[in-house]
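Engineer: Below are the sequence and a predicted model for it; my questions follow.
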Amino acid sequence: MPRPRGFDPESAVEAAMNVFWDGGYTATSTDDLCRGTGVGRSSLYNTFTSKRELYQKSLRRYAERTRATQSDLLERPGPVRAIIRDFLTEALRNQLADPRRRGCLALNAAVEIGNSDDDVATLVRSDFDAIVDTMRALIERGQRDGELSPDLDPLAVARLVHSSLVGVHVVGRVTDKPERVTDIIDALIDAL
């Protein structure tokens, strides 16, 4: 009869997500994961089979968080420009408030791993596509409400918003002057 697990796998994934977020995939060792999750090596591997599987589960957990935020954006009333500005400003605020300036886990995975791992690339693309889909829906709403020009291409503008978000995360990792990022946000919103 198998022994019951002495830990909650979902809590371990949450903790592992933060360990990977701090150190990236390559630099994170099994010992780092054991310390960060509080789970022994054999239990970790018996549950998750590999560091790679645990990383993928961590990326999925991160995507669940971002999708919850996006769902909230779609339900938020008010002008679309203000919603998009608030979304980007909140990303900057979170970035600057994080003493480690970790940025976005999905973006970090894209930069570190890119297309060298098809499964990770697919997870990251899915996360990015979800953000673009949310922004597209907001832009289309702004067009229907007459706030935004009907001449805008909603998909192209949604991708521009996502690119600005990427810029917020990248520049926000190293800037000592937040206005360097708020300028990006202001220029984007003014262009809508």
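Structural biologist: Okay, I see it. Numbering: from 1, shown residues only.
Engineer: so where's this structure uncertain?
Structural biologist: For the chain, the stretches flagged by pLDDT under 70 are 1-6.
Engineer: How far does the helix or strand where residue 21 lies sit from its chain's centre?
Structural biologist: Counting by DSSP states H and E, the element that carries residue 21 is helix 9-27. A distance of 14 Å separates the centroid of the chain from that of helix 9-27, by CA atoms, centre = their mean, to the nearest Å.
Engineer: Next SSE downstream of it?
Structural biologist: Where DSSP H and E defines the elements, the next helix or strand beyond helix 9-27 is helix 30-37.
Engineer: Pull out the buried positions in that following helix.
Structural biologist: With burial defined by 16 or more other CB atoms under 10 Å, the residues of helix 30-37 counted as buried are 32, 33, 34, 36, 37. The C-beta positions use only the backbone N, C-alpha and C, and glycine is treated the same way.
Engineer: for stretch 166-180, same thing?
Structural biologist: Neighbour-count burial for stretch 166-180 flags 166, 167, 168, 169, 170, 171, 172, 173, 175 (criterion: 16+ other CB under 10 Å).
Engineer: Show the end-to-end separation of stretch 32-51, please.
Structural biologist: With CA to CA, to the nearest Å as the measure, stretch 32-51 spans 11 Å from end to end.
Engineer: Can you point out the buried residues in it?
Structural biologist: Of the residues in stretch 32-51, those with enough neighbours to count as buried (16+ other CB under 10 Å) are 32, 33, 34, 36, 37, 39, 43, 44, 45, 47, 48, 51.
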